[in-house]
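Colleague: Predicted coordinates and the sequence they were generated for:
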Amino acid sequence: MPPIICASSPKRLAAFCAKQGYSGKKPAAVLLARLRSAPAGTTDPDLSEGARVAVLAQVGVITALNTAIKDLDRAIAEKIDAHPDGEIFRSFPRAGTVNAAQILAEWGDAREAFGHPDAIAALAGITPVTKASGKQRGVSFRWACNKRLRQAITTFADNSRHASPWA
């Protein structure tokens with residue numbers, strides 16, 4: 001049993017929990033009792049060595065992933081900077097490089113295909129579908145759309161509301 005937990009009091013644990021912003025759903029005395037009744041860790045050298053090797057392997061995987069993510073971010077930034085409309089899409093409030101590149105990639109280069117802003121909004125699925133017949137009228141969610149463009153536009157909308165008063 002770890003000596004810090006054994007020497008700790010419910011009052012001291014309650015102060016620690018309050019400092020860390022704990023919600024307080026369980027009282028400190030209950031938490032302390034659970035910690036004291038938990039099984040002790042192993043001191044078996046073979047098991048400890050196996051856990052060490054597994055953790056080091058996971059650290060290696062995470063390091064490789066982080067390197068790949070940085071390389072991808074760099075490549076995306078280079079491509080959007082080279083695109084003629086890249087500056088326009090990067091000027092969107094809080095769009096960021098990756099989100100601006102997503103919007104640009106899904107929007108495409110065929111500007112003449114979208115005669116009105118509502119056309120691109122419909123393609124992205126962010127405008128509702130109105131069905132009217134006689135005296136009945138219904139509005140529903142647009143399911144048939146470019147889902148990747150919808151995701152990019154809604155991510156941009158969520159990000160922009162934090163930086164732009166009009167959003």
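Modeller: Structure's in. What do you need? These numbers come from a predicted model, not from an experiment. Residues are numbered from 1 along each chain as shown.

Colleague: And the strands in the chain, which stretches?
Modeller: In the chain, strands defined by DSSP state E lie at 129-133, 136-140, listed in chain order.

Colleague: any chance of those in CSV, plus mean neighbour count, mean pLDDT and distance to residue 28?
Modeller: All C-beta atoms are positioned from the backbone trio N, CA, C, and that covers glycine. Converted to CSV, those look like this (neighbours: other C-beta atoms under 10 Å; pLDDT from 0 to 100; distance: least, C-beta to C-beta, whole Å):
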stretch, mean neighbour count, mean pLDDT, distance to residue 28
strand 129-133, 10, 88, 54
strand 136-140, 9, 90, 51
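
Colleague: Generate CSV for those strands, with distance to residue 19 as supplementary columns.
Modeller: Written out in CSV, the entries for the strands of the chain read as follows (distance: least, C-beta to C-beta, whole Å):
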stretch, distance to residue 19
strand 129-133, 51
strand 136-140, 49
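
Colleague: Which one of those lies nearest to residue 68?
Modeller: For the strands of the chain, the distance to residue 68 is smallest for strand 129-133, at 39.9 Å, taking C-beta to C-beta.

Colleague: could you give the angle of the closest one to strand 136-140?
Modeller: Orientation check (axes from the mean of the first three to the mean of the last three C-alpha atoms, to 10 degrees): strand 129-133 against strand 136-140 gives 170 degrees.

Colleague: Noted, bye for now.
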